[in-house]
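J.: Below: sequence and its predicted model.
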Amino acid sequence: MDTATDFSSTAFREPHTLKQHIFDTLHFYYPACIDKKNGGYIHEYYDDGTVNNTHSKHLVSTARFIYIFSVGALLDGPDWCKEAAQHGIRFLQNSHYDREHSGYFFEIADDGEVKDHSKQAYGHAFALLASSVAYQAGISEAKETIEQVYDVMEKYFWEDAHGFYRDEWDASWSASSLYRGQNANMHMCEAMLSAFEATRDKKYLDRAYTLAKALLSSLLNDLVAWFGSTMIQTGSRIGTTIKTIQKMNFVRTALYQDISLNGASCFYGLIGTVRKTG
């Protein structure tokens with residue numbers, strides 16, 4: 001499907017170009033993505049917009065559709081932006097959510113049967129991000145999803161001793177992976193910032209701060225260890241290594257301070273700029 005967006009680097013500095021690109025993207029999917037028969041969205045397309053799979057509905061893809069339509073609503077787009085986001089929130093609650101054990105199933109078939117019963121931190125992060133932005137866009141029922149995801153993550157995924165969320169559980173919370181991945185925790189940090197922006201509840205900001213601190217401290221410590229072993233093996237000059245670590249420490253400190261003071265204001269500042277000038 002052709003769009004009118006100019007992809008030159010200079011053009012993408014202009015708010016009106018960014019706004020145009022957002023709505024070009026939304027028009028690519030809408031209304032073909034709305035599954036009126038089974039609920040939720042149709043997730044997979046070829047480059048020309050032709051549907052190539054109507055049978056699988058992933059939690060992450062459902063959340064991403066909710067997110068982009070909510071952004072369209074925040075940018076004062078057509079009424080169908082908010083309606084399409086509400087459509088996704090309803091599917092998230094009615095089909096992905098496990099009413100017996102709580103938590104969100106990772107994959108649903110088009111007939112409503114669960115294809116992947118696992119409860120994954122990665123998927124829950126996107127559900128939290130999507131519902132937070134939807135709530136910002138005026139979709140009140142998204143507040144329930146925000147609270148449900150947070151409660152599930154705290155009860156089953158959070159490991160206070162490590163400062164991370166573990167990655168995965170089975171449907172009944174009886175068996176889990178011991179892996180605590182950077183990817184899921186990074187996305188959950190982003191989602192917690194968005195939840196704070198949506199609700200102004202400081203518990204989300206506090207959790208984002210804890211995650212950022214644990215991720216950066218852990219990664220930096222690993223990097224220092226790696227640099228140490230590399231210098232021993234190669235005889236690299238220590239001065240360059242120290243300067244690199246000092247720069248990373250500076251970035252880490254600045255990030256902690258920005259999260260604690262400002263939350264996720266960068267994203268919503270961008271949305272505000274595009275809305276006002278686009």
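T.: All right, it came through fine. Note that the coordinates shown come from a computational prediction; the quantities given were computed from them, not determined experimentally.
J.: measure stretch 29-43 end to end?
T.: One end of stretch 29-43 to the other measures 9 Å (C-alpha to C-alpha, to the nearest Å).
J.: Averaged pLDDT, that stretch. What do you get?
T.: Averaged over stretch 29-43, pLDDT sits at 95.
J.: Residues touching it, excluding its own?
T.: Where contact means C-beta atoms under 8 Å, 6 or more residues apart in numbering, the residues beyond stretch 29-43 that reach it are 45, 49, 51, 53-54, 56-58, 61-62, 65, 68-69, 80, 84, 87-88, 90-91, 94-95, 108, 110-112. C-betas here are computed from N, CA, C, even on glycine.
J.: start to end distance for stretch 98-112?
T.: 12 Å.
J.: From the chain's centroid, how far away is that stretch?
T.: 19 Å (C-alpha atoms, centre = their mean, to the nearest Å).
J.: Show me the contacts of stretch 29-43 that map onto helices.
T.: Of the positions in these, 61-62, 65, 68-69, 80, 84, 87-88, 90-91 sit in helices, assigned by DSSP state H.
J.: got the residues you listed as JSON lines, with distance to Leu205 and neighbour count columns?
T.: Shown next, in JSON lines, are those (distance: C-beta to C-beta, whole Å; neighbours: other C-beta atoms under 10 Å):
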{"residue": "Ser61", "distance to Leu205": "28", "neighbour count": "20"}
{"residue": "Thr62", "distance to Leu205": "26", "neighbour count": "26"}
{"residue": "Phe65", "distance to Leu205": "26", "neighbour count": "27"}
{"residue": "Ile68", "distance to Leu205": "24", "neighbour count": "21"}
{"residue": "Phe69", "distance to Leu205": "26", "neighbour count": "32"}
{"residue": "Trp80", "distance to Leu205": "33", "neighbour count": "16"}
{"residue": "Ala84", "distance to Leu205": "29", "neighbour count": "25"}
{"residue": "His87", "distance to Leu205": "30", "neighbour count": "21"}
{"residue": "Gly88", "distance to Leu205": "26", "neighbour count": "30"}
{"residue": "Arg90", "distance to Leu205": "28", "neighbour count": "14"}
{"residue": "Phe91", "distance to Leu205": "29", "neighbour count": "22"}
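J.: And the furthest pair within the residues you listed?
T.: For those, the maximum inter-member distance is 19.0 Å, found between Ser61 and Trp80 (C-beta to C-beta).
J.: could the ones in helices among the contacts of stretch 29-43 go into CSV alongside distance to Trp173?
T.: Below are those laid out as CSV (distance: C-beta to C-beta, whole Å):
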residue, distance to Trp173
Ser61, 24
Thr62, 22
Phe65, 27
Ile68, 31
Phe69, 31
Trp80, 38
Ala84, 32
His87, 29
Gly88, 25
Arg90, 25
Phe91, 23
